[in-house]
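*Asks:* would you be able to build a 3D model of this:
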Amino acid sequence: MANERPSANAVARDEWHLQDGAALAAHHAVDPEQGLLADQVSQRALTYGPNRLPSADQRNVWSLLLAQFSDFMILILIAAAVISGVVGEWIDTLVIVVIVLLNAAIGLVQSWRADQALAALQSLSEAQATVLRSGQVQQVSAQVLVPGDIVLLEAGNQVPADLRLLKSAQLKVDESALTGESVTVDKHTRVLEGSSLALGDRLNMAFKGTTATHGRGRGLVVATGLDTELGKVAGLLKQDNQRSTPLQLRLAAFGKRVSLAVLGICVVIFAVGVLRGETPLLMALTAISLAVAAIPEALPAVVTILLALGARKMVAVNALIRRLPSVETLGSVTTICSDKTGTLTQNRMQAQCLVVDAAEACASWMPGNSAASAAHVELLRAATLCNDASPAPDGSWLGDPTEIALTEVAAQAGLNKTDLDKGWPRLSELPFDAERKRMSTFHPDTGGVLVYTKGAPESVIPRCSTQWSASPGDQAAALNPSVWLARADALAARGLRVLALARRNFELLTPDAATPDAVERDLSLIGLIGLMDPPRAEAAQAVRECMAAGITPVMITGDHPATARAIALRIGMVTQADAPVLTGVVLRTLDDAALQIQVRQVRIYARVDPAQKIRIVQALQAQGEFVAMTGDGVNDAPALKQADIGIAMGLGGTDVARKAASLVLLDDNFATIVRAVREGRRIYDNIRKFVRYAMTGNSGEIWTIFLAPLLLLPIPLLPIHILWVNLVTDGLPGLALAAEPAERGIMQRPPRAPSESLFAHGMWQHILGIGLLLGSLCLGVQAWAIGTGHAHWQTMVFTVLTLGQMAHLLAIRSESEHLWQLGLGSNRPLLGAVLLTFTLQMATIYVPWLNPIFKTQPLSLAELGLCLAASSVVWLAVEIEKAWRRARLVTQESATLDEPPASS
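*Replies:* Next up, the predicted model:
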């Protein structure tokens, strides 16, 4: 039946390139010269559906808002607010609710993230198509195409579906957005062999979303919508690969531990108090105070704000964060998987060397090095005249990137294509053909016709019999093809795209005689030109800095292995010319376990498709690596989403890549990644400093409340005091920590292990020890004040706790350097926050209308002086701790140096 869906058994899916075009047309019940009939189109539209990609599922604002309340710490705060309300502490309840709502508002603003990738893919595919139906050429929306349609292509058209080409007239297609290969692909219609061919090697196919840049073609639609290669990318993007970042995991684990600890301590305190004869209501109030003290109310909000401020600062270095928690993820990155084309390279072809003597060095001459020889001038004249690039109104050039590069290098040597075309007008041509792999142009010459031929070395050199000489009187030298072919192979092995140029003079050449076989033989070889998409100027330095920071750069590209290795060698990603390259064909034969072994040693992956990029990223993650993936094309989008942090190009990248990424480089500069990593490490360090600061303060509060009943002292702090300390003294200075400069040597240390605890490197000991010291100071002041008859003892405890945390904050700005080394003015926002917090604390004590709210009383000058002296002990203790740690580190390093070498 003409309307039935083609059988999957008759033609294996994805192997259209292995099938004969006529057989495929018969299989799809279509005449290539007439196209589908109207009833066939209608039936197949019902069977296959529209040729479009599904829209991204849009979450409404309410679902995003509810998601902000799923964090465990937030749930604990809500529970604390409920308990405070039940016992009548409405001020406490109000403060906690404000904190929760502030955190939710910040998270909501930052939650619009890249489920928009599918929408971008859909906009990419919105195009018109020229189709042959019922013998008539029609312009239709690409969305109504069905398998079996006959599509006509010409230069400038976007390919509307996956096509098996049936006709090709010098058709070239730019597939860089899909495959990553910067060179346009010459298409043909012949049947290919080998089921494992990469997309870039399927030369008889044209894929949806790519662009025809030259020539014309006719193709049979073999896949539409999600069945296309572009659709498979959309399918990969639709998979839910959102994982929690390291900080999210650590804060979640911390929140659960805090809740269990709070429950246990509160039960103990309540039971001990009741057994001592205290009233249950009083002990319930004490337990609530302890619960409020143990829960760092400001922690979720301040961490979110710290990340937001860090994201804003990253914009200043041209790094735009699209997913807020990714700010701190940068500090954990151990591997950067980078696409080659457009990311490490400039995505524009450029001549690298001109060779007119098979024995000469590649870079013996380039424009600007010295005066051009006659042979080099002739080589560039041939490359310019045998060239289809055309001038654009803005002075640039339009056409194939390789031909534009040839035009540009000739211009550098003083040969203007426009002038040459006028002086040697093109009389005729033999257009490039994928079978011949060469083209020839005919130009008037003294006494006859001059033919220039340009093409692949293996296609041109065997047709040459002599080496062209610049001296008119010289006898043309006989050519040794094997020497020149070996030279071309050596250039290709360096990752260059090599073209051979030759010429031949005719006294008379009639149109009938101007056939390829008659013209393109007995040629005189002029020379070779090697071209490459060159590395970005800053790429090598960025790679070196990544390595110094303990980050391994890895190249993943759809380009040729030799080209990938050459670029990797030039930018220092590998150091050996024979560095291993894992190709997509080989990767397809590896199971996950074998691939995980390979990723430990391979730094270059070539000819890989989008699904394989994801497998590589997953294999690295299975090895414990924290992976960043950079890219700019459609082919990169799924891996960008799979990676722990996806990094897209903002200028040269596609919308699909940008919206699938967590970080967008606004200047398309690979070096910006290094600056972003540095900033990410600084932000994470400052988050650790805030956690150290906040939790040490909370530890002091817990010790104060926990030990007071055991020491037969009254409840030293009320819930409003605890909330004030946790919100104001934690919040304002905590925000100011965002401005703390980076520690010295931040980019010379290795990435922190993804499994590393937020409280590593002695933080727990610091929190408990300094917290116990602060609690002891508070209780010591309380006991002295009560014993000496000072009625303001509770206000004094409140003040010691607040000022002690300010002293602690000034001391922990660096984990190694003393305050006098840093200088008070090196973080002016923090200094201002400390002074503001001190002022607010004084207001709670000395502003009369605030006394009943905070249950405080004015202190005498002597009482305030005692509080200041007690709190300064905390600063002194932390400075002594830093000195002890530094001395211990020096001792350990000396012991390591003094160890005798191991005997062999």
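
*Asks:* which strand residues bridge residue 528?
*Replies:* residue 355, residue 500 (DSSP bridges).

*Asks:* which residue lies nearest the spatial centre of this protein?
*Replies:* Closest residue to the average C-alpha location of the chain: residue 647 at 1.4 Å, with C-alpha atoms, centre = their mean.

*Asks:* can I assume it sits in a helix?
*Replies:* No. Secondary structure of residue 647 (DSSP: H, G, I helix; E, B strand; the rest coil): strand, not part of a helix.

*Asks:* I'd assumed residue 665 was in contact with it.
*Replies:* Yes. Residue 647 is within contact range of residue 665, at 6.4 Å (criterion: C-beta atoms under 8 Å). From N, CA and C alone the C-beta is placed, and that goes for glycine too.

*Asks:* next, show the common contact partners of these two.
*Replies:* Residues touching both residue 647 and residue 665 (C-beta atoms under 8 Å, 6 or more residues apart in numbering) are 630, 673, 676.

*Asks:* what about the second one, how many neighbours?
*Replies:* When you say that, I think you mean residue 673. 27 (other C-beta atoms under 10 Å).

*Asks:* same thing with the first one?
*Replies:* For residue 630, the count of nearby residues is 29 (other C-beta under 10 Å).

*Asks:* which other residues reach the stretch of helix or strand it belongs to?
*Replies:* Following DSSP states H and E, one finds residue 630 within strand 627-631. Applying C-beta under 8 Å, 6+ apart, the contact partners of strand 627-631 are 180, 330, 333-339, 343, 556, 613, 617, 620-621, 636-637, 639-640, 642-649, 653, 657, 665, 670, 673.

*Asks:* now that strand against strand 645-649, angle please.
*Replies:* 20 degrees (axes from the mean of the first three to the mean of the last three C-alpha atoms, to 10 degrees).

*Asks:* average pLDDT across the lengthiest helix in the chain?
*Replies:* Scanning the chain for the longest helix, with DSSP state H as the assignment, gives helix 670-710. Taken as a whole, helix 670-710 has an average pLDDT of 86.

*Asks:* equivalent analysis for stretch 844-857, please.
*Replies:* Stretch 844-857 shows a mean pLDDT of 90.

*Asks:* got the end-to-end distance for that stretch?
*Replies:* Counting by C-alpha to C-alpha, to the nearest Å, you get 9 Å between the two ends of stretch 844-857.

*Asks:* what does that stretch rub up against?
*Replies:* Residues beyond stretch 844-857 that count as contacts (C-beta under 8 Å, 6+ apart) turn out to be 91, 718, 720-721, 724, 791-792, 794-795, 798-799, 843, 858-859.

*Asks:* among those, which has the minimum pLDDT value?
*Replies:* residue 91 (67).

*Asks:* re earlier: among the contacts of strand 627-631, name the ones in helices.
*Replies:* Those of the contacts of strand 627-631 lying in helices (DSSP H): 613, 617, 620-621, 637, 639-640, 642, 657, 670, 673.

*Asks:* least confident of the residues you listed?
*Replies:* residue 657 (73).

*Asks:* so that one versus residue 588, what's the distance?
*Replies:* Look at residue 657 and residue 588: by C-beta to C-beta, to the nearest Å, they are 24 Å apart.

*Asks:* of those two, which one has the most company?
*Replies:* With neighbours defined as other C-beta under 10 Å, residue 657 and residue 588 compare such that residue 657 has more, 33 against 15.

*Asks:* now that one: closest residue in space that isn't a chain neighbour?
*Replies:* residue 648 (4.2 Å; C-beta to C-beta, 6 or more residues apart in numbering).

*Asks:* any idea how many residues pack against the one you found?
*Replies:* Neighbour tally, residue 648, other C-beta under 10 Å: 32.

*Asks:* is it true that it touches residue 660?
*Replies:* Yes. Between residue 648 and residue 660 there is a contact at 7.1 Å, judged by C-beta under 8 Å.

*Asks:* now the common contact residues for these two.
*Replies:* Common neighbours of residue 648 and residue 660 (C-beta under 8 Å, 6+ apart) are 636, 640.

*Asks:* find the residue closest to residue 317 in space, skipping its chain neighbours.
*Replies:* residue 675 (4.5 Å).

*Asks:* check contacts around that neighbour.
*Replies:* 317-319.

*Asks:* closest to residue 773 out of those residues?
*Replies:* Nearest to residue 773, judged by C-beta to C-beta, of the contacts of residue 675 is residue 317 at 39.7 Å.

*Asks:* what is the neighbour count of the closest one?
*Replies:* With other C-beta under 10 Å as criterion, residue 317 counts 17.

*Asks:* wait, it sits on residue 677?
*Replies:* No. With contact defined as C-beta under 8 Å, residue 317 does not reach residue 677; the gap is 10.8 Å.

*Asks:* name the residues contacting each of the two.
*Replies:* Counting by C-beta under 8 Å, 6+ apart, nothing touches both residue 317 and residue 677.

*Asks:* quick one: buried residues of stretch 417-430?
*Replies:* 417, 420-421, 424, 429-430 (16 or more other C-beta atoms under 10 Å).

*Asks:* which residues does it contact?
*Replies:* 381, 384-385, 387, 389, 391, 397, 407, 410-411, 439-445, 449-450, 511, 514, 516, 519-520.

*Asks:* circling back to that earlier point, narrow the buried residues of stretch 417-430 to those in helices?
*Replies:* Filtering the buried residues of stretch 417-430 for helices - DSSP H - leaves 417, 420-421.

*Asks:* what about residue 601, how many neighbours?
*Replies:* Neighbour tally, residue 601, other C-beta under 10 Å: 9.

*Asks:* equivalent analysis for the one 4 residues further on, please.
*Replies:* Each residue near residue 605 was counted by other C-beta under 10 Å, and the total is 27.

*Asks:* right, and residue 498 touches residue 528 too?
*Replies:* Yes. Under the criterion of C-beta under 8 Å, residue 498 makes contact with residue 528 at 5.7 Å.

*Asks:* the two: which is more packed in?
*Replies:* Of the pair residue 498 and residue 528, residue 528 is the one with more neighbours under other C-beta under 10 Å, namely 24 against 21.

*Asks:* residues contacting the more buried one?
*Replies:* Contacts of residue 528 (C-beta under 8 Å, 6+ apart): 354-355, 457, 484, 487-488, 491, 498-501.

*Asks:* quick check: it vs residue 360, distance?
*Replies:* With C-beta to C-beta as the criterion, residue 528 and residue 360 are 10 Å apart.

*Asks:* residue contacts, residue 414?
*Replies:* Counted by C-beta under 8 Å, 6+ apart, residue 414 has contacts residue 372.
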